[in-house]
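[1] Give me a 3D structure for the following:
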Amino acid sequence: MNTKNTVKKETAAQSLPRITVLDIFLASAKLGLTSFGGPVAHLGYFHQEYVVRRKWMEEKAYADLVALCQFLPGPASSQVGIGVGLRCAGLMGAIAAWVGFTLPSILLLGLFAIIVQRMNVGEAPWLHGLKLTAVAIVAQAVWSMGTKLATTRKQAGVAVGAAAVVLLWPGTYSQVGVIAAAALLGLIMYRHEAAAESVKPAAAASSRDAHSCRQSFIYLGFYFALLLLLPLFSQWSNGGWLSLVDGFYRAGSLVFGGGHVVLPLLQEEVVAHGWVSQSDFIAGYGAAQAVPGPLFTFASYLGAIFGGVPGLALATIAIFLPAFLLVAGVLPLWDRLSRSITMQRALQGIHAAVVGILLAALYDPIWTGAVRGTADFVIVLCLFAMLVFWKLPPWSAVIAGAAAGMLAQLFV
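    Below is the predicted model:
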């Protein structure tokens, strides 16, 4: 019996794709160059690349990761990318995933921000086309995840209920509450069911660097130590670089809801202290909207205004470091917890709730912020068909969406 189990495990391990750190960097760099539309759209791009195309993760494992990152402060999409890298290739994989996804937008902001300060790109036709692409990407993610994670009446009911609650009472805390309620519903609805194959936690892609609970507590210890000590060091140093690091680290540590939510806190930190003028702050925000990748790289722009290349590097590391420490610290603990039968039942509800939350985000802010009329709907429909029925890669939809936005401006 043991021999048979050993053979099965070896066969399963051999069937997993061999994933190197370079593979993760290249895949995440491509996403960093093509992922327009904000954190919700990024999750759709990630799903298409990591789950559908490369098959580095299973649907349930990806949904678990997305659900976990909804509970953590900081940039959710970047945290999901870090989590994918951590699962696939350990610590170096996590670093490669973050660098690959973040570096393109850092470089683009550094090169593009000066131009954007002198141009109004808010209504540029090509940028509007990229927003329509984000609609199609998120719709494709909802379609794909829904057909796998919300297939029963119970799961569909949880998904629809989650979408309704998030739409009627928007906010990050609403999302966290919905996931918690869905976990409770999962426990109730599936309390009499055994741990069937369909509800077992999905095995992560091959991880070559096992993270023990002790290592998890070390990461979490660093997170809280920096959060407590940096303000003290900043006061003792009378401002300067430590104040910059402290401000951006706190912004990355305490804000739920992604890049748009962090903007008021960043404005309070950098404009109130006189590091960046109000006009430069607004110009940089426009630049951050025009480039792909995480909106948190807006901090890179602000750091560059404050202190050139060193300021850019410090601000970038400071605002993303909390996300890295939290994911590296919490994910292994989450893996151990998810192996229990009780947690498996809760995950049934959580998976469906994630689909519902993504469905709500598809409508608001993605759909309401992009689709203005019939022509826009036709473009989204064509882009959706490219992704779902013709199976074309997301980068082709990005190009087609930008081109369609410009053509619509000319002929419609």
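[2] and the residue sitting nearest the centre point of the chain, what does it touch?
    What sits nearest the mean C-alpha location of the chain, by C-alpha atoms, centre = their mean, is Ser77, with 0.9 Å. Contact partners of Ser77, counting by C-beta atoms under 8 Å, 6 or more residues apart in numbering, are 35, 39-40, 42-43, 46, 258, 294. Backbone N, C-alpha and C define where each C-beta goes, glycine included.
[3] what two of those residues are the furthest from one another?
    Phe46 and Gly258 (14.2 Å; C-beta to C-beta).
[4] Counting neighbours, go ahead and name the busier of the two.
    Phe46 (26 against 20; other C-beta atoms under 10 Å).
[5] tell me the contacts of the more buried one?
    Going by C-beta under 8 Å, 6+ apart, Phe46 touches 31, 35, 62, 77, 80-81, 84.
[6] what about Pro365, neighbour count?
    16.
[7] Oops, could you answer that again for Val160 instead?
    Count around Val160 with other C-beta under 10 Å applied: 15.
[8] can you check Ser174 too?
    17.
[9] Let me see the contact set for it.
    Counting by C-beta under 8 Å, 6+ apart, Ser174 has contacts 165-166.
[10] Distance-wise, check it relative to Ser253.
    21 Å (C-beta to C-beta, to the nearest Å).
[11] same thing with Ser340?
    From Ser340 to Ser253 the distance is 29 Å (C-beta to C-beta).
[12] Give me the more crowded residue out of these two.
    Under the criterion of other C-beta under 10 Å, the comparison of Ser340 against Ser253 puts Ser253 first, with 21 against 12.
[13] So the more buried one is in contact with Pro75, correct?
    No - counting by C-beta atoms under 8 Å, Pro75 is not a contact partner of Ser253; they are 11.4 Å apart.
[14] Can you tell me the SS state at Gly274?
    coil (DSSP: H, G, I helix; E, B strand; the rest coil).
[15] Just want the phi and psi numbers for it.
    Backbone torsions of Gly274, given as degrees, to the nearest 10, read phi 80, psi 10.
[16] what's the pLDDT at it?
    Gly274 is assigned 82 on the pLDDT scale.
[17] got the residue ranges for the strands in the stretch 251-400 of the chain?
    Read by DSSP state E, counting those that start in this stretch, the stretch 251-400 of the chain holds no strands at all.
[18] where does it have low pLDDT?
    The stretch 251-400 of the chain contains residues with pLDDT under 70 at 256-264, 279, 282-284, 286-287, 289-290, 338-339.
[19] Show the residue spans covered by the helices in it.
    Secondary structure of the stretch 251-400 of the chain (DSSP state H, counting those that start in this stretch): helices located at 259-270, 278-290, 298-338, 341-361, 374-388, 394-411.
[20] quick one, which of those helices is nearest to Tyr249?
    That would be helix 298-338 among these, by C-beta to C-beta, at 4.5 Å.
[21] How far away from the center of its chain is the closest one?
    13 Å (C-alpha atoms, centre = their mean, to the nearest Å).
[22] ok now do the residue nearest to Tyr219 when sequence neighbours are not counted, which residues does it touch?
    Distance criterion C-beta to C-beta, 6 or more residues apart in numbering; nearest residue to Tyr219, sequence neighbours excluded, is Gly329 at 3.4 Å. Going by C-beta under 8 Å, 6+ apart, Gly329 touches 216-220, 223.
[23] next one: Gln79
    With C-beta under 8 Å, 6+ apart, Gln79 has these contacts: 69, 72, 323, 326-327.
[24] same check, this time on Leu149
    Neighbours of Leu149 in contact, by C-beta under 8 Å, 6+ apart: 59-60, 63, 155, 351-352, 354-355.
[25] where's it relative to Tyr62, distance?
    In terms of C-beta to C-beta, Leu149 sits 9 Å off from Tyr62.
[26] returning to that earlier point: just the element for the residue nearest to the centre of the chain, please.
    Here Ser77 sits within helix 76-116, counting by DSSP states H and E.
[27] What angle do helix 298-338 and that helix make with each other?
    Relative orientation of helix 76-116 versus helix 298-338 (axes from the mean of the first three to the mean of the last three C-alpha atoms, to 10 degrees): 170 degrees.
[28] May I see the buried residues of the following helix or strand past helix 76-116?
    Next along the chain after helix 76-116, taking DSSP H and E as the criterion, comes helix 125-149. Under the neighbour-count criterion of 16 or more other C-beta atoms under 10 Å, helix 125-149 has 125, 127-146, 148-149 buried.
[29] who touches the next helix or strand after helix 125-149?
    Using DSSP H and E, the helix or strand that follows helix 125-149 in sequence is helix 153-168. Residues from elsewhere that reach helix 153-168 (C-beta under 8 Å, 6+ apart): 146, 149-150, 174-175, 177-178, 182, 185-186, 189, 348-349, 351-353, 355-357, 359-361, 363-364.
[30] 6 Å instead?
    Under the contact criterion C-beta atoms under 6 Å, 6 or more residues apart in numbering, helix 153-168 has outside partners 150, 174-175, 178, 182, 185, 189, 349, 352-353, 355-357, 359-360.
[31] Let me know the angle separating the following helix or strand past it from helix 153-168.
    Downstream of helix 153-168, the next assigned helix or strand under DSSP H and E is helix 172-189. On the basis of the same axes, to 10 degrees, helix 172-189 is oriented at 160 degrees to helix 153-168.
[32] Give the next helix or strand downstream of helix 172-189.
    Per DSSP H and E, the helix or strand that comes after helix 172-189 is helix 213-236.
[33] For stretch 47-67, measure first residue to last.
    14 Å (C-alpha to C-alpha, to the nearest Å).
[34] so where's the stretch 51-200 of the chain shaky on pLDDT?
    For the stretch 51-200 of the chain, the ranges with pLDDT under 70 are 112-123, 172, 193-200.
[35] quick revisit: any idea how far the nearest residue to the residue nearest to the centre of the chain once chain neighbours are set aside is from Val388?
    Closest residue in space to Ser77, ignoring its immediate chain neighbours: His42 at 3.6 Å, by C-beta to C-beta, 6+ apart. In this view, His42 and Val388 are 19 Å apart by C-beta to C-beta.
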